[in-house]
Every structure is written in C-alpha cells, then in structure tokens.
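Asks: Below are the sequence and a predicted model; questions follow.
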Amino acid sequence: MDPASGARSVVISVEGMTCNSCVETIEAHISKLNGVLSIKVSLRDKSAAIIYNPKEQAPGALREAIEDMGFVAALTDADPQPVSVDTVFLTIPAHAALALDEIRSRLLTTKGVLNVKSSSDKKSLVVTFVSAVINGKQVGQAVPGLSLDHAARERNPGAPEDASASQTGDVALRIKVEGMTCHSCTSTIEGKIGKLQGVTRIKVSLDNQEAVVVYQPHIITAEEIRNQIEAAGFLASIKKPPKLLNLGAIDVERLKNVQTKSSPKSPPESPEDGFNLQTARFRVDGMHCKSCVFNIQSSISMLPAVASIDVSLEDRSATVKYDPSLISITTLGRAIEAVSPETFTVSLCDGHENAELSNAPKSPRVANSPAHHPLMHVTVMDVEGMTCHSCVQSIEGVISQKPGVNSVHVSLQNRNATIEYDPMQTSPDDLRNAIEDMGFDASLTGTPSPDPVVLITQPSQERMVESQNNKLSKTETRTKPSPLHDNQDGNPPSKCYIQVTGMTCASCVANIERNLKREEGIFSVLVALMAGKAEVRYNPAVIQPPIVAELIRELGFGATVLENYDQGDGVLELVVKGMTCASCVHKIESTLMKTKGVLYSSVALATNKAHIKYDPEIIGPRSIMRVVEDLGFKSALVKKDRSASHLDHKQEIRQWKRSFLVSLFFCIPVMGLMIYMMVMDSHMSAMHNAGNVTQGDMEEHHSAMFLEQQILPGLSVMNLLSFLLCVPVQIFGGWHFYIQAYKALKHRTANMDVLIVLATTIAFIYSLVVVLVAMAERAKVNPVTFFDTPPMLFVFIALGRWLEHIAKGKTSEALAKLISLQATEATVVTLGPDNILLSEEQVDVELVQRGDIIKVVPGGKFPVDGRVIEGHSMVDESLITGEQPGRPCCVPVLDSTQLQE
C-alpha cells in the first residue's frame, strides 16, 4: 500500500502532566476519537505519540483535543511521519454466519485496520493494517470463521511478506555507548534493546563503542532507548539526531552484519535492483601483522559500494569487488589509506584486472538520481600540544560536534588529526581554527582531497553510509580501553568526594578502600587519612554518593558527602525567592528547559531551591540566574561551606574528651576503693610477718572491715559499689568502643576496638556472674571480682584517643590554612572595541563562566585557571609545588606585581 494513503504518526508535546493519572486520562480520551489507531503518552518526555488515519483525523484536531482536557499541547513535527503498513489476505467460508458488509464493518472497527477490500468473487478479503498496532493473525481472529490465505500472497508478489519489508516509518539512530569491554557487553545490550517494543533492529559495535538502532518513533523514543541502555549499566549518549530511514534489503543485511551473497538458487533480480561489479587489485605497503589485514578488511567491507575484499599479507595486496557507479578506484585507495594514515601506502597494481561480473542494467533511480554531490572530503592536520589521551578525546569530542564534520580521528603518536567533512558546510581553515581555540597548535599538512568521495545512493542508504564512514575513520581506536575500567587514560563516569571521620591509622584507610571496591558500581577508591576525605569513582547508573557514604558508615566511620565537590561544573544550586504556588514552579522549570544549554531543572517550592544541570560550553550560571530573574523572581547562589572545619578534628576531640571525663568521674571512686583495700591488706600482711597478728586475727579483722561486710549473703559492700560505678562507664564511657567493634565484626574484621571491648566485657560479665553465684549459694566469703578493670581501661584508652586527635588537628592546621587561601570572589570585566574597559563586577567564584575576562589586581588571588590575555607578572607557586624560582603566570596562586587581566 502506498504510504501516502496509509497511517501517519505525530508527536505532540504535552505540558502540565504531573502523574500517571494524567497519562492514563489522555490515553483513554484520545484513543476513543475516530481515526486514532494508537497512542502512547510519556510523562518523562512530556509528549504523546499518536498513530492516526489521515482520512479521519488531523494533527491539529488531536492537539486541540488534548488542550480541551486542560493541558498545554504543541506539535513538535511540522510533517507527520508515515507508518509502516502490511497487507493480509483472508478467506471467507462458503457458509459464513455474517454477511460480507457486516464482516467488513467489524474489521474496519478493529484498532489498527486501515482498509478492507473484497475480491470480485467475494470469497476473499484484502485487509491493510498498521503492523505496529496489530498483526495479521489478530486481524484474522477479529471475525470468527475467517482464515489466512497464504496462497494469495504468492499470487500477489507486490504484497509485503512481513512488517520488515515495509519500514516506511522507521528511524535510524546512532548512540555512543561507553563502558563495553567484551562481546558479552554487546550481547547484553542487543538482547535488552532488541526486546523493546518498537525496536526493529539493533547492531552494537564494540570497536567503535556505538550502537545503531532502527526503531519506530511512534512506539518508542530515542530518549527511552538511551535510558534503557543506561539502565543496563552503560553510559549512553545520542551522537546525532535520528533520521527517517527506508531500509532496503541490502541495508537490512548490512545492519545484521551479514554480507549479502548471490546464490544460484536466488530468483533473478529485477533491472531496477541490478548493479555492475568490477574487481580492482591494490598494492598495500605498511602491513606488518594479521591485525593490519583484519583492520583493512573489516573497515572496507562496511562501505556500501564494496561487495567483498580479500587482503593478503604475503603478497601485500588487496583485491576489492565494488560497484563503479557508487565509488571510484581512487576513492577506494584513499579509503584503504585512511584506515591508518601515514602507515599504509596504497597504489594500483600494474595490469590490474577489471572484470564485469554482472551485465544487469543500471538502476534507473541511480542513473537519474540528482544526488551527485560530494558527501565528504578528508583533510589531515598536524596538532601540537597534545600530552595524553585526554587531549585526544577533547579534540575528537569538540570537532565531531561541528556542523559538517562526519568523523574525526586524532593520533597522539603521529600528532595529527584526520577529519572527514562536508565541504558545503565547513572548511579546513574553520576546523583548524576550532582546534586552535582549544589551546592547541594546528596546521594543514596539505590541501583537501581534490577527488571527493561521490556516492550515488538511494535515500534509504544514506544513513548507513554515514555510519560506516565513522567506523572507517576510527579504526585505530579499536583497542582503546573502556573509560569505565581504565584508571590512567580514561575518566570514570562520575566522581564524588566524601568526608570521613573516625579514621586513626593506615589500617582504617585500607579497610575502607578494600570494602568499597567490593561493591558493584565502584571503580576506584582513594582515601586520605590526614585530610579525612575519600575520592570515589563510580557508575551513576548503579550507585549514588549517599549510598557510598552509607557503606562507609556501616564500616564504623562517619561519612558525609561533600556537596561542593560532588557537583562540580555543570550543576547549579540556586535559592529562588518569590514563588507562591505550583504554577510558579512550573513556569520556572518550563522556561529553563527551553533555554539553550540547560539540560535539567528541578524546583522545590517547600525549600525555595532550584537544582539545574547545564552545559558550561553553551551557558553559564549568571545567564541562568538572569533567566530566572527575568521571570520576576529573585535568585541567589546557595552558599557552600568553604571552611576546612572537618580538618581540625573538633568533633572527634569533643567526643573522646566527653568519653574520658565520664569514665574518669566513675573511675576515681573505683580506684580509691581498690587502693584502700590494697593498703589495708598490705598493712595486715606486714603485721602478720612480724608475728604480731595471727592468721585468725587477720581473717577476723578482714571480715570486720566495712567494705567487706555483706549486705546480702554473698554480696559485699565493696562488690556492690564497684558494680554500681562500673555500669555507667560500661554504657556511656564505652559507647563509642562498642559501636566501632560491632561494625567491625559485622564485616568480619577485627580492630583495636574489638580487643578493648572483648577485655572489658569479659571482666564485667565474669565479675557479675561470680557475684550472682555467691548470692545463690549464700556464701560467707566474698568472691574476687574485677569490676575495677573496665573503668580503668576505658579511662586510659579514651585519654589516648583524645590526645591523638588533638595532635592530628594541629598537624592538619597547615592544610586548613592552605585551603583558606582559595579565592572566594572574582572581578569580571566587560571589554568593548579595542579592549576598552566598559564595566567590572564582583561575583562569587562559582558564578564565573567560560569565556569571562577576569581582572587580577597586584597582590590579589587568581580565582580560576585561565589564559593571560594582557599584562604579565611573577607568581609564587611554591605554596603548592615547592618550586623556589618564580615563573611566568600559567596556573598561579598569588600575584605579586602588575595588574593582570
């Protein structure tokens, strides 16, 4: 069926939805309208995807219907997209229970059915339906007694066999996926995404770290696909906007990574689908191993115009079968060289053979196609100033976003950049200037290729050409390690800093690092004992900083997420005043989300705070605050704690001081009683040794002492007082010891707190048990107890911990003073023509945005890193690096002489 007369899909943005009840209300109301075949409303994307019959409905009427329900609706697409349709043949039984008109009426009322036609003999029906809403089997079951007529399809070869043959509404999407390390990762993504409703096909490339997805936009959105990939534990970002794609047979096979081969049993191709193949033989110098062979074969075989390629390492040659109507021999040679620039040298072999493999006429669509335009030029630039792979990634990331750039590959070893671009949108000089604006020195090594790659292709193949060229130009980066697991060249998805208290030695550091690394989603942990801070690199799709802090607390330490470290660039916290109701919140959020560069915004009416994520390359914090103020609200930056109070150990000092004083208060009476008994026993022993006192007199005197008198049989005054004085120490003085010991044993580890608690608990329980046994036996002799041991142990150990944290606080004082030297404000100036100073403004250092011009007065602090554009000075970097001689301003700390701008 011609798509022009079939179903259409339209996406309508819907504002004002607050919960799933709104979603269900819209879906229930709109689905009842005439001509609406399917509707799916997304609360997260604030949109509604509707499939409708253009003969009965129009996009404007659907938008008005949503607005009549109290929501704000707007059409996001100017032109509705066609939807893939299918055709099924149904046989009417000879003795049908229903009349033909009634059967047609029931079929037409079925959701997804567009048209029903009957044959001339009225024994069969041809039903056209939307394959995304209903399938052929369900159509046949809509009316009892009807059966599918498979023979009719063979008699009508023009009818598509399945939905895949009529993908008029499919869209191709390329998603960059980071974190894949093996083929198991690709299988996981393909299996998960391939099962989603609306996803037609998916191919994941481990080498290029990307996924090519063909999907139906009226069923699922690109953002939902990206979210599903991130839910699988990978970082995903949409490289380019989705494009409408009409997949042909060759494209489908290539997407499946299966090379289309001719078979003798295959039916002859129609003249429209035929093509000419020729063979070209190239000499390739520079290959040294099987890896080179594999790289050339895998890259060149992905080109749409190449049918096959055979590379021989022994003969140093490459034999290519290609379609000369789509690509030239010269372009093939350059494509092989582009696999590894300055490594491979390609030339045509003498007397190479060009054999025509097929005499089928050329496709009329190709011959008459007006699409004879150069799709790409290739230029190579020398780039100086790169020091690591971070520089490489920065250049590739920025240049690939420039208009007209198809692909870019930067080689750190060769210090060059190979860029594939559209000469109608950009030029080598513009690309060179863009690289120089990033702080690197770039120069053109030669003129652009005079023979651009000319591809004469159907629109359905243009998306695949773009994808394959990217694969070709990034061949050298195949072995680049995943940024999720590489600790040297790559960066983790996210990083957070956590303030940790309660650490006493390197064993505590090792304990935290060892246990955190066992948790899923945490890649690395670095703990600084003196600074009391932990740096954690983690996967935000698996774990979040508050959970990391809770894991540290379970180990027996105090942990608090440092917000000023956790957020970093691109996140802004504002205090918004003047809001009165939810309408104000919606107004601020909707306006911010429409602002270019703002990625996410969330406003809380109860706390009067706004959480905003933005792209610092597009917009800055002051611009965002100006947008909020233009709406009639007052905004201010949330003040962050710049103090280094966590370095002075004041909390730990107070904690152990309190524990020491409590233990000491009850320990002094216990020690007094113990010393008194020891002195009296020593005095009586001396008298006995002198012969003045007999053994019986000693026992009689001992029992007559007040402390040894029994209140109850087996319970003496001494044991009762010792017990009463020991219990508060055991509970209050030893509270911190017991908490730390419990958390250590919970994780099957032992530390000094476990030993202390073990000794004091055994002494206390043993003494209590022997006293209870003596009371049960009504003993006349008082048992020997150790109630004096726990208070004395807690007193001396708490005193040691108190003095230890006092010493640590003094040691960290220098670090705290260094942190206090950080600048809190910056002077932002506005320059006019000829660098004339127009105005200057004092702003918080957090409000400095990219591109600002900062003035630093003599003796002032440099608030941020930047490049000096006027003036010169000597700065003292020894505060951080320890270097003695002065050096020109680069990343300085204190300015000592002249005015800086």
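Replies: On my side now, so go ahead.

Asks: what sits against Trp735?
Replies: Ser659 (C-beta atoms under 8 Å, 6 or more residues apart in numbering). For every residue, glycine as well, the C-beta is placed using N, CA and C.

Asks: and the gap between it and Ala750?
Replies: 19 Å (C-beta to C-beta, to the nearest Å).

Asks: just Pro545 next, same as before
Replies: Distance, Pro545 to Ala750, using C-beta to C-beta: 29 Å.

Asks: Equivalent analysis for Arg514, please.
Replies: 14 Å.

Asks: Could you do Ser635 as well?
Replies: 53 Å.

Asks: For those two, work out which one has more neighbours and name it.
Replies: Ranked by neighbour count (other C-beta atoms under 10 Å), Ser635 and Ala750 place Ser635 first, with 21 against 11.

Asks: May I have the phi/psi pair for the residue nearest the centre of the chain?
Replies: The chain has Leu235 as the residue nearest its centroid, 4.4 Å off, counting by C-alpha atoms, centre = their mean. Per-residue torsions, Leu235: phi -90, psi 130 (degrees, to the nearest 10).

Asks: Just give the nearest non-adjacent residue to Glu519, would you?
Replies: Leu551 (6.2 Å; C-beta to C-beta, 6 or more residues apart in numbering).

Asks: Please identify every residue contacting each of Arg514 and Ala750.
Replies: By C-beta under 8 Å, 6+ apart, no residue touches both Arg514 and Ala750.

Asks: ok, and for the helix or strand containing His736, which residues are buried?
Replies: Secondary-structure assignment from DSSP states H and E places His736 in helix 735-746. Buried positions in helix 735-746, judged by neighbour count with 16 or more other C-beta atoms under 10 Å: 736-738, 740-741, 743-744.

Asks: same question, stretch 91-108
Replies: For stretch 91-108, by 16+ other C-beta under 10 Å, it's 91-92, 103-104, 106-107.

Asks: And these, which two are furthest apart?
Replies: Thr91 and Arg106 (15.9 Å; C-beta to C-beta).

Asks: in the stretch 751-900 of the chain, which ranges drop under the pLDDT threshold?
Replies: 814-816, 818-819, 876-900 (pLDDT under 70).

Asks: Kindly report the same for the stretch 401-550 of the chain.
Replies: 424, 445-493.

Asks: same deal with the stretch 551-700 of the chain?
Replies: Within the stretch 551-700 of the chain, the stretches with pLDDT under 70 are 563-569, 640-648, 683-700.

Asks: And what about Lys760, helix, strand or coil?
Replies: No Lys there; residue 760 is Thr. Here Thr760 is helix, with the state taken from DSSP: H, G, I helix; E, B strand; the rest coil.

Asks: Check the one 4 residues further on too.
Replies: In three-state terms, and counting by three-state DSSP, Phe764 is helix.

Asks: And it, how close does it get to Thr789?
Replies: In terms of C-beta to C-beta, Phe764 sits 8 Å off from Thr789.

Asks: again, but for Val525
Replies: Distance from Val525 to Thr789, by C-beta to C-beta: 39 Å.

Asks: Report the contact partners of the nearest residue to Gln197 once chain neighbours are set aside.
Replies: Leaving aside its sequence neighbours, Gln197 sits nearest to Ile219 (C-beta to C-beta, 6+ apart; 5.8 Å). The neighbours of Ile219, taking C-beta under 8 Å, 6+ apart as the test, are 38, 40, 49, 132, 197-198.

Asks: Can you tell me the number of residues neighbouring Ala338?
Replies: Ala338: 23 neighbours (other C-beta under 10 Å).

Asks: looking at it, it is touching Thr418, isn't it?
Replies: Yes - between Ala338 and Thr418 there is a contact under C-beta atoms under 8 Å: 6.7 Å.

Asks: Can you say which two of the contacts of Ile219 are spatially most distant?
Replies: Greatest spacing in the contacts of Ile219, by C-beta to C-beta: Ala49 and Gln197 (12.0 Å).

Asks: Looking at the two, which has the bigger crowd around it?
Replies: Ala49 (23 against 10).

Asks: Distance of that one relative to Leu75?
Replies: For Ala49 relative to Leu75 (C-beta to C-beta), the value is 12 Å.

Asks: any shared contact partners between the two?
Replies: 10-11.

Asks: Enumerate every residue touching the residue lying closest to Asn751 once chain neighbours are set aside.
Replies: Using C-beta to C-beta, 6+ apart and skipping the chain neighbours, the partner closest in space to Asn751 is Ala744 (5.1 Å). Counting by C-beta under 8 Å, 6+ apart, Ala744 makes contact with 555-556, 750-751, 753-754.

Asks: hmm, 6 Å instead?
Replies: Contact partners of Ala744, counting by C-beta atoms under 6 Å, 6 or more residues apart in numbering, are 556, 751, 754.

Asks: what's the answer for Leu572, then?
Replies: Leu572 neighbours (C-beta under 6 Å, 6+ apart): 612, 621.

Asks: Please shift the residue numbers so they start at 591 in all later answers.
Replies: Fine by me, first position is 591 from now on; the one you just mentioned is Leu1162.

Asks: C-terminal to whichever strand or helix holds it, what's the next element?
Replies: Per DSSP H and E, Leu1162 falls inside strand 1161-1167. Using DSSP H and E, the helix or strand that follows strand 1161-1167 towards the C-terminus is helix 1172-1184.

Asks: Alpha carbons of that following helix, as PDB, please.
Replies: Extracted in PDB, the C-alpha atoms of helix 1172-1184 (Å, rounded to 0.1, in the frame of the first residue of the first chain):
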ATOM      1  CA  ALA A1172       3.000  25.200  41.900                       C
ATOM      2  CA  SER A1173       2.300  27.400  38.900                       C
ATOM      3  CA  CYS A1174       5.500  29.400  39.700                       C
ATOM      4  CA  VAL A1175       7.500  26.200  39.900                       C
ATOM      5  CA  HIS A1176       6.100  25.000  36.500                       C
ATOM      6  CA  LYS A1177       6.800  28.400  35.000                       C
ATOM      7  CA  ILE A1178      10.500  28.400  36.100                       C
ATOM      8  CA  GLU A1179      11.100  24.800  35.100                       C
ATOM      9  CA  SER A1180       9.500  25.100  31.700                       C
ATOM     10  CA  THR A1181      11.300  28.400  30.900                       C
ATOM     11  CA  LEU A1182      14.700  26.900  31.900                       C
ATOM     12  CA  MET A1183      14.200  23.800  29.900                       C
ATOM     13  CA  LYS A1184      13.500  25.900  26.800                       C
END
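
Asks: For it, which residues meet the burial criterion?
Replies: Of all the residues in helix 1172-1184, those buried under the rule 16+ other C-beta under 10 Å are 1174-1175, 1177-1179, 1182.

Asks: quick check: longest helix of the protein.
Replies: When the chain is parsed with DSSP state H, its longest helix is helix 1240-1279.

Asks: Give me the helices and strands touching it, please.
Replies: Secondary-structure packing of helix 1240-1279 (3 or more C-beta pairs under 6 Å, 6 or more residues apart in numbering; DSSP states H and E): helix 1307-1318, helix 1379-1401.

Asks: so which of those gets nearest Arg906?
Replies: Closest to Arg906 of the helices and strands packed on helix 1240-1279 is helix 1379-1401 (C-beta to C-beta; 66.1 Å).
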